[in-house]
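Participant: Build the 3D model from these lines:
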Amino acid sequence: MTHTSPSEVTAAMEEDYLSLIGQSSIAVAFILFFTALSNANIGQGTAWEWVLGGGTLVALTAVITLCIRSFKYTRNLNRVGFWTLKFNDEYVDFVSGTSLRITCHIMMYGGIIIGFFGSDMWFKALVSPLPLNTVVQLLVSVAFLVHGGTIVAKLREEDLNE
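Facilitator: Reported below is the predicted structural model:
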């Protein structure tokens, strides 16, 4: 593999990398979601445990595969793009920024709600039988799902428009 300077990075390379990031985020969301449901002891002792365990294994395999595929871009993207998801292509940078802003809002407002109302009885009644750490896992899984879903949807929308 030859080294490509950041000035030779194409929009297609950035788009492919961002697409991998989006797919990885969706897979991480499923890992967190299945783990949260498993920790909540929903369907304990039934086939549901096999479904949750199998789903977690499939999602974990997907994350590992996507991460390995994304490492081929370490030499092709500048460090800013690889680590901070800031890209040279305007549309790819727009998609990345949009997904990060939406994710930040989900985490911020969800965290505020859990922080302020996490110990209130009405909140516990609302999320019961889930422990508070499971609720946080679900919030983070929603954030990852929205982050990856926004990226995949916006990039697919751009592909359809071309």
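Participant: Contacts only, for the spatially most central residue of the chain.
Facilitator: Residue closest to the mean C-alpha point of the chain, counted by C-alpha atoms, centre = their mean, is residue 25 at 2.4 Å. Residues in contact with residue 25 (C-beta atoms under 8 Å, 6 or more residues apart in numbering) are 144-145, 147-148, 151. (Glycine included, C-beta is placed from N, CA and C.)
Participant: again with residue 135
Facilitator: Contacts of residue 135 (C-beta under 8 Å, 6+ apart): 114, 118, 127.
Participant: and the residue lying closest to the second one once chain neighbours are set aside, how many residues sit next to it?
Facilitator: To tie it back to what came earlier, the one meant is residue 118. Of all residues not flanking residue 118 in the chain, residue 132 sits nearest, at 5.6 Å (C-beta to C-beta, 6 or more residues apart in numbering). The tally of other residues near residue 132 (other C-beta atoms under 10 Å) stands at 13.
Participant: Read off the pLDDT value for residue 14.
Facilitator: pLDDT recorded at residue 14 is 86.
Participant: Surely the residue nearest to residue 118 touches residue 115?
Facilitator: No: Residue 132 is beyond contact range of residue 115, at 10.6 Å (criterion: C-beta atoms under 8 Å).
Participant: quick one: residue 41 and residue 85, what's the gap?
Facilitator: 36 Å (C-beta to C-beta, to the nearest Å).
Participant: Check residue 13 too.
Facilitator: 14 Å.
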